[in-house]
Each structure stands twice: as C-alpha cells, then as structure tokens.
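[1] Here's a sequence, model it:
(one chain, ligands or ions: 1)
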Amino acid sequence: MKFGILTGGGDCPGMNAFVRAVVRTTLNLRPQTSVWGVVDGWKGLLDNNFSRLNKLDVAGLTSRGGTILGTTRVPELATDFDLQETLARNLHDNGFNYLFVCGGNGSLKASNALNTIARREGLRTKFLVSPGSIDNDVCNTAGSSIGFYSALDKSLEMLEWIRDTASSHRRLYLVRSMGRKSAYLALYSGIASGAEYVIMPNEEVDFQHVATVIAERDKDTRIIVSESYPKSLEEIRTTLEAIFANRGIKREVRAVDMGYFQRGGKTSVTDILRASWIGYRMVQDAFEGCDSGFYTAYYTGHSPAPMPLEEAAADEASYDSIPQEFIDFALALR
Ligand code: F6P
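    Below you'll find the model as predicted:
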C-alpha cells in the first residue's frame with residue numbers, strides 16, 4: 001500500500017502529532033507500506049511534490065506547533081472543478097491508496113470534492129480526514145478540532161497578561177480573537193478568562209448595555225471580539241468612548257489583536273493525544289480497506305464511528321450556532 005499525508009489550510013498545533021502518528025503507526029504495523037508527505041499542502045498535490053517519510057523523520061514532533069509538511073492555501077480549489085479533477089488524478093497516478101488529511105473547513109470540503117470525483121471515476125485513492133483548525137469550524141458534533149484547545153491555552157495566557165495592564169491603568173481592552181466565522185475560540189477564551197463580554201460574529205450589539213456591564217466592574221475589564229464581527233476594533237472603541245463620555249464612565253479604551261499568536265507554539269496535551277489517537281485509528285481502518293471518512297474524537301480511546309465525508313462537509317450549523325445552553329452558561333458566570 002502507499003499512503004499520503006497532507007496538512008491543509010491554516011497551520012495549527014497538533015498537525016505534527018497527527019503526521020507522526022500516521023507515519024509511526026503505518027511503519028510499525030506494516031513496514032512494507034510507504035508513507036509520503038505532501039509538501040506544502042494542496043499546492044504540493046498540484047505540483048506532485050511528495051517526500052517519503054520514515055520513522056526518524058517524525059521524531060520529536062509530538063508537541064511542536066505548525067506543520068513540518070508545510071501548508072499553502074489554494075482558494076480556487078473550492079470552485080475550480082478542473083483543478084479538483086487534476087488533483088484527484090494526480091493522487092491516482094502516483095499510486096496512493098489513501099490520503100490522510102488534517103485541516104479545517106476548506107480542507108474537508110476539498111477532500112469531499114476530490115473523493116466524489118475519485119468514486120465517480122473509479123480512481124484508487126480514498127480520503128481519511130481529521131479536523132485540524134484553531135477555529136473549531138469543522139463538523140464537531142462528536143469532538144472538537146485538533147488545535148482548538150492549544151489555541152485556547154495561548155488565548156487564556158494572553159488575556160491574563162493584558163489583565164495586568166488593564167487593572168493597573170483602569171482600562172478596557174478590546175481583544176480581537178481569530179476564529180473566522182466560528183465564535184468558539186472567542187467564546188471559550190472569554191469564559192475561561194472571565195472576560196466581561198464576548199462579541200459574537202453576527203451579534204446586534206447593544207453598546208449601551210455593554211457600557212453598563214463595564215461600568216459595574218472595578219478595574220480589569222476585557223471584551224473579546226470575534227474575528228467575523230463586521231466592525232473594526234477602532235469603530236467599537238470610538239462607539240464606546242462616546243457612550244462612556246456621555247454617561248460619565250471613567251475608563252480608557254485600548255485595542256489589541258491576539259490573531260496569529262493564538263495559532264502558534266506548543267501543542268496542548270489534549271490535542272497531542274487527540275491527534276495521535278485519530279491518526280492511529282485511521283491507519284488501522286485503512287489497513288482494513290475502509291471507505292473515505294471524517295474522524296473526530298473527544299479524547300484518546302473515544303472512537304466515534306467515522307462519518308461519511310459529505311455529511312461532515314455539509315455540517316455548518318455545529319460551529320455557526322453555539323447551543324443556547326452554552327451561551328446561558330457563559331452569561332451566568334459573568
Ligand atoms: O483558519 C485558521 C485561521 O487562523 C483563521 O482563524 C483566520 O481567519 C485565518 O486562519 C487566517 O489565515 P491566514 O494565515 O491565511 O492569514
């Protein structure tokens with residue numbers, strides 16, 4: 001058998017642990033199998049750029065952030081059917097029986113598209129996809145994305161740092177969080193750090209109410225702003241400053257972006273174990289000749305049945321709308 005591994009979309013902690021798990025499991029269980037990394041993600045598939053991996057190539061990788069394979073975004077892949085066809089054919093022509101993918105929403109949709117072509121045209125490659133994204137915006141009904149909890153750890157630490165300055169200067173900090181359309185990273189980091197307010201992507205924000213929440217607090221106030229909320233930090237700042245001035249609320253406002261810092265650095269233990277477990281399970285299933293599928297898991301040893309790719313790719317609701325129960329929980333802790 002011949003296996004390929006691809007990391008796609010934005011890098012995230014845990015991708016390397018996934019790569020390591022697939023390589024090690026494969027070569028320990030069936031040493032005659034060859035494993036190849038696709039260099040630079042989806043672009044590498046277009047360029048037929050593959051690099052053979054052995055067990056030593058993946059040594060020391062468990063907690064390392066980023067992806068040693070590299071990743072390059074290819075946005076056209078979402079809509080360009082000729083490109084999809086070329087990639088599906090490249091995999092077939094290079095003799096890959098399985099492609100193991102770790103990536104976010106775009107990678108899941110791309111894998112689904114390629115798989116549809118491959119099945120329709122009788123090509124040999126099957127696709128096993130794991131969710132790798134700090135956004136937690138890949139079907140997450142049975143677990144969360146690899147990288148999400150690592151990014152939360154970083155976010156919490158940064159929010160604690162900014163608390164020091166906020167409280168020393170009696171300031172309100174507006175803190176932008178990554179997450180694209182998904183509010184998970186913003187909301188969870190807000191809850192974990194005890195932030196005063198989290199602005200959700202599609203929220204009709206009542207800034208008078210936000211000002212009241214801030215006025216009730218003593219010193220160290222922070223508001224987390226989801227990436228897709230349409231107003232800029234400067235616009236929010238201007239709005240709040242005007243309300244504060246009007247209502248005699250004494251609070252300076254400053255803005256910072258946690259952005260790319262949330263994405264880098266060490267992988268959390270949860271993500272290392274989740275990524276390793278998923279990689280291990282996928283390889284075992286591949287040796288049994290399984291169909292293409294999407295894998296996710298809450299924790300090591302938890303093995304939900306893999307979902308069909310098209311079902312996972314269609315599941316946008318699970319990250320767009322956070323359950324009301326969770327919002328109630330967040331509000332109760334404020
Ligand atoms: O998907 C992960 C993510 O970090 C998003 O939260 C963010 O919108 C995007 O990637 C940024 O991507 P890039 O690295 O291409 O600027």
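
[2] Pull out the buried residues from stretch 41-56.
    G41, W42, K43, G44, L45, L46, F50, L53 (16 or more other Cβ atoms under 10 Å). For the C-beta atoms, the positions are set from N, CA and C on the backbone; glycine is no exception.

[3] no wait, stretch 301-317
    Buried positions in stretch 301-317, judged by neighbour count with 16+ other Cβ under 10 Å: P306, M307, L309, A312, A313, D315.

[4] How about the contacts made by the most centrally placed residue in the chain?
    For the chain, the residue nearest the mean C-alpha position is S133 (1.4 Å; Cα atoms, centre = their mean). S133 makes contact with G9, G10, C12, G103, G104, N105, S145, I146, G147, F148, according to Cβ atoms under 8 Å, 6 or more residues apart in numbering.

[5] Next up, the contacts around the closest residue in space to the last one that isn't next to it in sequence.
    So that's F148. Distances taken as Cβ to Cβ, 6 or more residues apart in numbering place N136 nearest to F148, at 4.3 Å, with adjacent residues excluded. Contacts for N136 (Cβ under 8 Å, 6+ apart) come out as S144, S145, F148, G179, S182, Y184, L185, Y319.

[6] so where does the residue found closest to T267 once you drop the neighbours it is linked to in the chain fall, helix or strand?
    With Cβ to Cβ, 6+ apart as the criterion, T267 has its nearest non-adjacent residue at 3.7 Å, and that residue is P13. Using DSSP states H and E, P13 sits in no helix or strand.

[7] which residues sit in contact with P13?
    P13 makes contact with 63, 65-66, 134, 146-147, 150-151, 263-268, 271 under the criterion Cβ under 8 Å, 6+ apart.

[8] Please determine how far it is located from L152.
    Applying Cβ to Cβ, to the nearest Å, the value for P13 to L152 is 11 Å.

[9] same thing with S292?
    30 Å.

[10] ditto for F18
    From F18 to L152 the distance is 18 Å (Cβ to Cβ).

[11] Between these two, which is the more surrounded one?
    Legend: neighbour count by other Cβ atoms under 10 Å for F18 and L152, higher for F18 (32 against 25).

[12] can you redo the buried residues of stretch 301-317 as CSV with secondary structure?
    Output for those, formatted as CSV (DSSP: H, G, I helix; E, B strand; the rest coil):
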residue, secondary structure
P306, coil
M307, strand
L309, helix
A312, helix
A313, helix
D315, coil
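
[13] Just give me the neighbour total for the closest residue to the ligand within the stretch 101-250 of the chain.
    Nearest residue of the stretch 101-250 of the chain to the ligand: M178, at 3.4 Å (Cβ to the nearest ligand atom). Number of residues near M178 (other Cβ under 10 Å) recorded here: 22.

[14] Stretch 104-122: how far from the chain's middle?
    Computed by Cα atoms, centre = their mean, to the nearest Å, the separation of stretch 104-122 from the middle of its chain amounts to 19 Å.

[15] Pretty sure A21 sits against A275.
    Yes - A21 lies in contact with A275 (Cβ atoms under 8 Å); the separation is 6.5 Å.

[16] how about the buried residues of stretch 41-56, which pair is most distant?
    Using Cβ to Cβ, the buried residues of stretch 41-56 reach their maximum pairwise distance at L46 and L53, which is 19.9 Å.

[17] ok, now how distant is the closest residue to the ligand within the stretch 201-334 of the chain from T67?
    Distances between the stretch 201-334 of the chain and the ligand by Cβ to the nearest ligand atom are smallest at R263, namely 5.1 Å. Here R263 is placed at a distance of 11 Å from T67 (Cβ to Cβ).

[18] which one of these two has more residues nearby?
    T67 (28 against 22).

[19] Look at that one and tell me its secondary structure.
    coil.

[20] Against T86, how distant is it?
    Taken as Cβ to Cβ, the span from T67 to T86 is 23 Å.

[21] Enumerate the residues of the stretch 201-334 of the chain near the ligand.
    By the rule Cβ under 6 Å from any ligand atom, the part of the stretch 201-334 of the chain lying against the ligand is E227, R263.

[22] Please enumerate the helices of the stretch 201-334 of the chain.
    For the stretch 201-334 of the chain, helices defined by DSSP state H, counting those that start in this stretch occupy the ranges 207-216, 233-247, 269-287, 309-314, 317-320, 324-332.

[23] which of the ones you listed has the lowest average pLDDT?
    Lowest mean pLDDT within these: helix 317-320, a mean of 78.
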